[in-house]
Each structure stands twice: as structure tokens, then as C-alpha cells.
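[1] this is the structure alone, sequence omitted:
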């Protein structure tokens, strides 16, 4: 639930394909409740556009085809963009204090750093093992790294591991395998 300074509240529920927005706004005669379908940011970021919507208030109960909720252009407005999946947001919009969003920020740096380490590991395995064994060993390491990434994310979201450590653990894991493959490479034989 997102609380606005004036006492209004917004909450989005449901799967991405069938989202619903519940909102409560203060009014002179009493609170106004709003239940709208398919919320999206309005063009220009001025607020939210909703599909079919029910509105309840003092002596009011009406259903309309579309509603636009206008919000001020203050710093709080940027937080409304997180109504979508956190991975859809730019890194600057993610909250570093929220474990899941801090993990996503760290993962956005760690995964590109992992690419050259995977390439090095593949070259070393190919030079040391050759053929099918290198493909099988590489696939096992990649599968284990992806499992470690997902397990680390869940552990970080539960608060048992720092988000940066969960995001960088697969990089360290693959780097250790690359170091092992480097040491196992037969003398006089290079991976190139």
C-alpha cells in the first residue's frame, strides 16, 4: 500500500495481466473509495489511467468506463512507477533499502560482469577437456550458477544474506571454476 501525504492510499493487486487498483482519497464528506482495472501510468506521467472503475463515496456509488487519477509532480510521484514489476524500473527508481530492489540493482552489474568469466571458463574447458565433456561440464556450471543466483535472491529477500553478496555469488562461483580449469590445463596446451 502506498500512502500519499494527504492521507490518500493506493494499492495494486492481481497478476500482471489482470491488475486492479484500490485507492482511498479523503474528501470533505468522507472518504472516496475507488476500484479500477488495468492501471497504467498516464501519458506524460501525470498520474494513473484506469479502465472500468467503481467509485464509492458519501451518497455515491457509480461505475464508469475509464478514470484518470492526477497526482502532483513531486518526488513521491516517481515511486508510483514501481506499480509495475521492479525489474521494469530503471536502477535509479529502485529503493536500495528494499532487499528485492537492492538485489536487482546489484544483479544488473553482476550479470554483465559474469559474461567474460563464462567465456573464459568455456575456453579453458574446451582446451582442457575438449568436445562433449567440455559442453557437459560447462552446462553443469551454468546450471549451478543460475540455481545459486535464484537461491541467493530468495535468501536475500528473506533477510539472511546481503543483496550484493547474493548477486555476486554466481560470479565468484564461475570464477573459481575458471581458476580450477586454468590449473588443470595440461602443461604446454593453451585454451585458444
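    Received the coordinates, thanks. Everything numeric in this text was worked out from a predicted model, so none of it was measured.

[2] need the contact partners of stretch 138-152.
    103, 107, 114, 118, 121-122, 125, 161, 165-167, 169-170, 173-174, 177 (CB atoms under 8 Å, 6 or more residues apart in numbering). No exception for glycine: its C-beta is placed from N, CA and C like everyone else's.

[3] PyMOL command to pick out the buried ones of the residues you listed?
    Buried subset of the contacts of stretch 138-152, written as a PyMOL selection, criterion 16 or more other CB atoms under 10 Å:
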select buried, resi 103+107+114+118+121+122+125+161+166+167+169+170+173+174+177
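
[4] now do residue 134 against residue 119, distance only.
    Here the distance between residue 134 and residue 119 works out to 13 Å (CB to CB, to the nearest Å).

[5] ok, of the contacts of stretch 138-152, which one's closest to residue 90?
    Lowest distance from residue 90 to the contacts of stretch 138-152 (CB to CB) belongs to residue 107, with 14.1 Å.

[6] so which strand or helix has that closest one?
    helix 99-128 (DSSP states H and E).

[7] which elements pack onto that helix?
    Under the contact definition 3 or more CB pairs under 8 Å, 6 or more residues apart in numbering; DSSP states H and E, helix 99-128 sits against helix 131-157, helix 163-184.

[8] and the angle from the first one to helix 163-184?
    Between the direction of helix 131-157 and that of helix 163-184, the angle (axes from the mean of the first three to the mean of the last three CA atoms, to 10 degrees) works out to 160 degrees.

[9] so which of the contacts of stretch 138-152 sits lowest on pLDDT?
    Lowest pLDDT among the contacts of stretch 138-152: residue 125, with 79.
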